[in-house]
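A.B. asks: Whatever this is, show me its structure:
(one chain, ligands or ions: 1)
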Amino acid sequence: QWDAQVSNGQAIVHLFEWPWSNIASECESFLGPRGYGGVQVSPPNEYVKVYQGDVRRPWWERYQPVSYQISSRSGNDADFRDMVARCNNVGVRIYVDGVINHMSGWWPAGTGSTGTSGFDAGSQSYPGVPFSAYDFNDGNCNTGSGNIENYNDASQVRNCKLVGLNDLNQGSEYVREKIVDFLNYLVDMGVAGFRIDASKHMWPGDMKIIFDRVNNLNTDYFSAGARPFIFQEVIDLGGEAISGQEYVGNGRVTEFRYGKYLGEAFRGYNQLTYLSNFGEGWGMLDRAYSLVFIDNHDNQRGHGAGGANILTFRVSKWYKMANAFMLAWPYGFTRLMSSYYWDQNWVDGQDKNDWIGPPMDASDNIIGPSINADQTCGNGWICEHRWRQIYNMVQFRNVAHGTDMNDWWDNGNNQIAFCRGNRGFIAINNEGYDLKQSLQTCLSEGSYCDVISGNKEGGSCTGKTINVGSDGVAYIEITTMEDDGVLAIHAESKI
Ligand code: AAO
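C.D. replies: Sure, this is the predicted structure:
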């Protein structure tokens, strides 16, 4: 379950809070044609409807399950099935955000949910599954509050409540059976795998027992015996009792250090020259086990981990540069973030608006993205995955797949360049002065379109044209005045 089971491309995108019908259309009209491998979707199963003071339908309500029925603000079971079929039919996989560590936090009896199950958090009664108090970890938690109080005690991190969320006991055969049924229901309808939420808070051994019971993928879309792709959310920046390494036997693990280090580097707190051995050489997980990203739905808004240096759509030039590096670099399985806009309100170093959910109408229904004539998104959606500098680097990653990194060059500071076999070449300028160099591109003689400054359209380039000599050398120029500090060419951008 370390294999993403992709067929259309080597990068996936988190379409955070998108409705299922919009995802289905996006697979057919954009993700399939542009070589995206798959989509991580928001939790599809029934959860709490949160109204708490001025907090109204926060994005994080989806991380408070009420049942495993496929019923959410993104759509119902039929909508979800339709999306899975339509995306698979164009080769784009669906990965479900599986919230299986816990159920909801405390809410007064009668609090609503996105389905019909009803629940009583106080007595840990979730009839929609059903779960009752017997199925939770209270008896295994030794802290006074019942919550996690110390991340240096591995037992309480697993057996106590994460921020007050009722903590399921995955040591119970009954609980395992209900979780396996939930995952199998989704696998049988054609999903390719799972992001496993809050994995740090479950025992790796219990998780292995659960995953080993999940069915092979649906042979309507996958080869016989194909195993679900598993990527486990474990925040490990070092310094705690639990490490991501403990989970690599179950599947891939989110490598949070990756985005943190690149954020620091592109913001100028580290020199790009040191990226020549980025990956295991920096203490990160083995590339076969890591899931990498620049930002995620938590740390783009100060939740989770990564701190103030995490790059997001709000610092778009650095963001495009870091994503271009990630998509060109041969380490890890890559995931892009696709966001909606919200106004931040910084008070004492915290964004008081960090709860704001997706664009919604007067009835609290999500307003999905509109697509503009220039192929960007409207209705308040950022659609980073539709930015030319990003979708073209997704193609770069596909063209370079199977090669390693070679012919590294740098200026000793913040100008770097490297090849991927004889399939691709990228140069990055993060200096305060122009990059003007003749560099080895490792490509065959000919003219190539720079896929950052433009596209290859018909037989010509809408951006820069790069002429590679018979020795593979080309003159590369990236001035500080340009929109983007990156230049990239590859075997399929040749004219
Ligand atoms: C909401 C309310 C809560 C309320 C609760 C129950 O905000 O006030 O008590 O409901 O009613 C999301 C939101 C939460 C939300 C929750 C449920 O983020 O605010 O709570 O939905 O609605 C830990 C977990 C990690 C988790 C992360 C947010 O380990 O798994 O917290 N991420 C996932 C999801 C996330 C979701 C949940 C889990 C819950 O992605 O969206 O929460 O389903 C340290 C630890 C980390 C820990 C962080 C934050 O990180 O290492 O494991 O993550 O703290 O607690 C440095 C350190 C780094 C440290 C970091 C932050 O960087 O190096 O280790 O500082 O301190």
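
A.B. asks: For residue 106, which three-state class applies?
C.D. replies: Under DSSP: H, G, I helix; E, B strand; the rest coil, residue 106 falls in the coil class.

A.B. asks: Just give the closest residue to it, not the sequence neighbours.
C.D. replies: Counting by Cβ to Cβ, 6 or more residues apart in numbering, residue 106 lies nearest to residue 121, which is 5.0 Å off, once chain neighbours are set aside. Placement of C-beta: from N, CA and C, glycine included.

A.B. asks: what about that neighbour, neighbour count?
C.D. replies: A total of 21 residues lie near residue 121 under the criterion other Cβ atoms under 10 Å.

A.B. asks: Name all residues that make contact with it.
C.D. replies: 103-107, 111, 166 (Cβ atoms under 8 Å, 6 or more residues apart in numbering).

A.B. asks: Would you quantify the distance from it to the ligand?
C.D. replies: From residue 121 across to the ligand, the span is 9 Å (Cβ to the nearest ligand atom, to the nearest Å).

A.B. asks: Give me the pLDDT for that residue.
C.D. replies: Residue 121 is assigned a predicted lDDT (pLDDT) of 98.

A.B. asks: Residue 493 too?
C.D. replies: pLDDT, residue 493: 98.

A.B. asks: who's in contact with it?
C.D. replies: Residues in contact with residue 493 (Cβ under 8 Å, 6+ apart) are 448-451, 456.

A.B. asks: Can you report how many residues neighbour the closest residue to it other than its chain neighbours?
C.D. replies: Spatial nearest neighbour of residue 493, excluding adjacent residues (Cβ to Cβ, 6+ apart): residue 449 at 4.5 Å. Residue neighbour count, defined by other Cβ under 10 Å, stands at 25 for residue 449.

A.B. asks: What separation is there between residue 449 and residue 458?
C.D. replies: 11 Å (Cβ to Cβ, to the nearest Å).

A.B. asks: Show me what residue of the stretch 51-200 of the chain gets nearest to the ligand.
C.D. replies: Taking Cβ to the nearest ligand atom, the ligand has its nearest neighbour within the stretch 51-200 of the chain at residue 105, 2.5 Å off.

A.B. asks: give the contact list for the closest residue to that residue other than its chain neighbours.
C.D. replies: Closest residue to residue 105 apart from its sequence neighbours, by Cβ to Cβ, 6+ apart: residue 164 at 4.4 Å. When contacts are counted by Cβ under 8 Å, 6+ apart, residue 164 touches 105-106, 147.

A.B. asks: Flag every residue of this protein that's near the ligand.
C.D. replies: 60, 63-64, 99, 105, 151, 162-165, 197-198, 200, 233, 235, 237, 240, 298, 303-305, 307 (Cβ under 6 Å from any ligand atom).

A.B. asks: Dump the contacts of residue 164 to a markdown table, plus pLDDT and neighbour count.
C.D. replies: Below are the contacts of residue 164 laid out as a markdown table (pLDDT from 0 to 100; neighbours: other Cβ atoms under 10 Å):
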| residue | pLDDT | neighbour count |
| --- | --- | --- |
| 105 | 98 | 18 |
| 106 | 98 | 12 |
| 147 | 98 | 15 |
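
A.B. asks: Using a markdown table, lay out the residues you listed together with distance to residue 376.
C.D. replies: Converted to a markdown table, the contacts of residue 164 look like this (distance: Cβ to Cβ, whole Å):
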| residue | distance to residue 376 |
| --- | --- |
| 105 | 37 |
| 106 | 41 |
| 147 | 43 |
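
A.B. asks: what about residue 288, how many residues close to it?
C.D. replies: The tally of other residues near residue 288 (other Cβ under 10 Å) stands at 11.

A.B. asks: Tell me which residues touch the residue nearest to it when sequence neighbours are not counted, please.
C.D. replies: Using Cβ to Cβ, 6+ apart and skipping residues adjacent in sequence, the residue nearest residue 288 is residue 2, 6.1 Å away. Residues counted as contacts of residue 2 (Cβ under 8 Å, 6+ apart) are 229-230, 251-252, 288-289.

A.B. asks: Name the nearest of the residues you listed relative to residue 426.
C.D. replies: The closest of the contacts of residue 2 to residue 426 turns out to be residue 288 (Cβ to Cβ; 23.0 Å).

A.B. asks: quick check, that closest one in a strand?
C.D. replies: No: membership of residue 288 in a strand is not supported by three-state DSSP, which gives helix.

A.B. asks: ok, it to residue 279 distance?
C.D. replies: Relative to residue 279, and taking Cβ to Cβ, residue 288 is found at 11 Å.

A.B. asks: A helix includes residue 398, no?
C.D. replies: Yes: judged by three-state DSSP, residue 398 forms part of a helix.

A.B. asks: and the next element down the chain from the helix or strand where residue 437 lies?
C.D. replies: Residue 437 belongs to strand 435-440 when assigned by DSSP states H and E. Reading on from strand 435-440 to the C-terminus, the next helix or strand found by DSSP H and E is strand 446-449.

A.B. asks: Name the nearest residue to the residue most central in space within the chain, sequence neighbours excluded.
C.D. replies: By Cα atoms, centre = their mean, the mean C-alpha position of the chain lies nearest to residue 335, the distance being 4.3 Å. Distances taken as Cβ to Cβ, 6+ apart put residue 293 closest to residue 335, at 4.5 Å, once the chain neighbours are dropped.

A.B. asks: repeat for residue 155
C.D. replies: Ranked by Cβ to Cβ, 6+ apart and with sequence neighbours excluded, the top spatial neighbour of residue 155 is residue 142, at 7.2 Å.

A.B. asks: before we move on, back to that, would you mind listing the buried residues in the strand holding residue 437?
C.D. replies: Of all the residues in strand 435-440, those buried under the rule 16 or more other Cβ atoms under 10 Å are 435, 437, 439-440.

A.B. asks: Save those as JSON lines, and put in pLDDT too.
C.D. replies: Shown next, in JSON lines, are those (pLDDT from 0 to 100):
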{"residue": "435", "pLDDT": "98"}
{"residue": "437", "pLDDT": "98"}
{"residue": "439", "pLDDT": "98"}
{"residue": "440", "pLDDT": "98"}
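
A.B. asks: Which of those sits closest to residue 495?
C.D. replies: residue 439 (19.6 Å).

A.B. asks: Strands of the stretch 351-495 of the chain, residue ranges please.
C.D. replies: 370-371, 377-378, 405-410, 415-420, 424-429, 435-440, 446-449, 456-457, 460-461, 465-468, 473-478, 486-490 (DSSP state E, counting those that start in this stretch).

A.B. asks: what does the third one contact?
C.D. replies: The set of residues external to strand 405-410 that reach it, using Cβ under 8 Å, 6+ apart, is 272-273, 276, 329-330, 416-421, 437, 439-440, 442.

A.B. asks: and with 6 Å instead?
C.D. replies: Residues outside strand 405-410 that contact it (Cβ atoms under 6 Å, 6 or more residues apart in numbering) are 273, 276, 330, 416-419, 439-440, 442.

A.B. asks: for residue 473, what are its contacts?
C.D. replies: Counting by Cβ under 6 Å, 6+ apart, residue 473 touches 438, 440.

A.B. asks: Who does it form a beta bridge with?
C.D. replies: Applying DSSP bridges to residue 473 gives these bridge partners: residue 440.
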